[in-house]
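# could you look at this predicted model? Sequence included:
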Amino acid sequence: MKGLYINTDFDIIKIKNLSMGFNIDDKFYYALENINLDFSKGKIHAIAGESGCGKSVLINTILKILPKNAIIKSGEIIFDNKNLLNFSEKEYENIRGKKISLIPQDPFMSLNPLYTIENQMLEVFENNKIQNLEKVKDALNKVKIKNIDTVLKSYPHELSGGMKQRVIIAMSLIQNSDLILADEPTTALDVSVSNSILDLLVELKNMGKTIILITHDLSIVSNYCDTTTIMYLGEIVEKNNTKDLFKNPLHPYTKALLGALPDKRGKKLENIKGQISPITEIINGCKFHPRCNYVMDKCKIEKPEFKHCVKCFLY
Ligand code: SF4
């Protein structure tokens with residue numbers, strides 16, 4: 001099979017057989033099932049799919065920012081040769097926001113409305129806060145913020161969404177995070193601003209950072225990402241180099257997502273039939289079968305295995 005997914009010895013993070021879910025009304029429901037992923041260093045890796053496919057839950061599991069009813073059933077998340085899932089909350093404090101940073105969907109949620117940007121950025125340092133002001137300015141300069149002195153004196157509500165995202169990216173630069181998790185970072189922004197934030201992610205990659213980009217927008221994936229993982233209802237259904245995945249999509253869900261992209265005139269070509277089910281709905285066999293145009297009898301009973309780069313009985 002052509003175009004196998006990159007799997008090198010230079011992986012920054014490896015997720016092995018990860019399964020987790022939530023207790024809802026005394027019943028356990030899987031949100032992620034048997035996730036296996038390796039992310040190589042210095043690349044932008046997309047995780048894509050519709051809302052409810054499990055991509056944000058995956059990011060939150062890596063950062064261990066989960067609600068109380070979450071249960072991790074099995075698996076490992078290997079980072080720096082250690083399994084993060086064995087870390088105590090105290091140990092996680094040295095990882096979260098430091099070695100691994102998050103660029104959230106809504107930047108306002110990550111900034112404290114009561115403090116100026118300067119105060120918040122200097123908080124990143126444990127000591128010598130005043131001497132570190134130059135480092136803060138340097139980071140803001142790298143994320144192309146103009147009027148740095150004015151921005152430093154501003155409160156979050158005085159900045160636009162794009163400016164707030166730049167501040168958060170600058171904070172990850174100060175922390176020198178190796179891995180940046182970007183959860184739909186442009187959803188709340190205008191197109192022109194969102195393109196400039198995505199260009200900034202490419203610059204971070206060129207500095208050697210690794211970015212995992214969560215998105216439902218496949219046009220962003222094709223323009224900015226090196227590898228692509230497609231998720232559906234908590235499972236990986238296809239993963240490959242972005243170029244190969246777009247040239248030769250295999251899984252019917254990937255084909256449907258690509259078919260739903262707007263054409264050159266901005267017109268959507270096809271709609272994907274049906275809707276993604278809630279995790280509380282148990283679907284036997286292949287989870288995509290109620291929406292699949294190629295469904296066969298056995299798809300309704302048996303679960304396909306993930307082979308090479310796709311999880312589907314057609315291959
Ligand atoms: Fe469709 Fe069957 Fe493949 Fe699932 S296994 S995607 S239902 S053809």
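Happy to help now that I have it. Numbering: from 1, shown residues only.

# show the contacting residues for the nearest residue to Leu250 once chain neighbours are set aside.
Leaving aside its chain neighbours, Leu250 sits nearest to Val310 (4.4 Å; criterion: CB to CB, 6 or more residues apart in numbering). Glycine gets a C-beta too; all of them are placed from N, C-alpha and C. Neighbour list for Val310: 237-238, 250-251 [criterion: CB atoms under 8 Å, 6 or more residues apart in numbering].

# hey, what's Val310 bridged with?
Legend: beta-bridge partners of Val310 under DSSP bridges are Glu238, Lys307.

# okay, it: pLDDT?
At Val310, the pLDDT value in this model is 97.

# ditto for Asp263
With respect to pLDDT, Asp263 scores 65.

# in this protein, where is pLDDT below threshold?
Across the chain, the ranges flagged by pLDDT under 70 are 1-9, 127-130, 263-270.

# can I assume Lys303 is in contact with His289?
No - the pair Lys303 / His289 is not scored as a contact, 10.1 Å apart, by CB atoms under 8 Å.

# these two: which is more packed in?
Shown here are Lys303 and His289; by other CB atoms under 10 Å, His289 has more neighbours (20 against 16).

# quick one: the more buried one from the ligand, how far?
According to CB to the nearest ligand atom, to the nearest Å, His289 and the ligand sit 4 Å apart.

# look up phi and psi at the nearest residue to that residue once chain neighbours are set aside.
Nearest non-adjacent residue to His289, counting by CB to CB, 6+ apart: Cys299, 4.4 Å away. Backbone torsions of Cys299, given as degrees, to the nearest 10, read phi -60, psi -20.

# what's the separation between Cys299 and Lys307?
Separation of Cys299 from Lys307 (CB to CB, to the nearest Å): 15 Å.

# enumerate the residues of this structure near the ligand.
Residues of the chain lying close to the ligand (CB under 6 Å from any ligand atom) are 251-252, 286, 288-289, 292, 294-296, 299, 304, 312-314.

# which pair of those residues spans the longest distance?
Longest distance between any two of those is 14.4 Å, between His251 and Met296; criterion CB to CB.

# the two - which one has more neighbours?
For His251 versus Met296, neighbours defined as other CB under 10 Å are more numerous around His251 (25 against 13).

# spit out the contact partners of that one.
230, 237-238, 288, 310-312.

# next: Ile59.
47, 102, 181, 183, 212, 214.

# contacts only, for the first one.
Going back to what we said before, that points to Ile47. Listed by CB under 8 Å, 6+ apart, the contact set of Ile47 reads 55, 58-59, 212-215, 229, 231.

# so it is in which element?
Per DSSP states H and E: Ile47 is located in strand 44-48.

# how many neighbouring residues does the residue in the stretch 51-200 of the chain that the ligand sits nearest to have?
Distances between the stretch 51-200 of the chain and the ligand by CB to the nearest ligand atom are smallest at Cys53, namely 14.0 Å. Using other CB under 10 Å, Cys53 has 23 other residues around it.

# hmm, back to that, CA atoms only: put the strand holding Ile47 into PDB for me.
Only the C-alpha atoms of strand 44-48 are listed here, as PDB (Å, rounded to 0.1, in the frame of the first residue of the first chain):
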ATOM      1  CA  ILE A  44       2.700  19.800  12.100                       C
ATOM      2  CA  HIS A  45       0.400  16.800  12.700                       C
ATOM      3  CA  ALA A  46      -3.300  17.200  12.100                       C
ATOM      4  CA  ILE A  47      -6.000  15.300  13.900                       C
ATOM      5  CA  ALA A  48      -9.200  15.900  12.000                       C
END
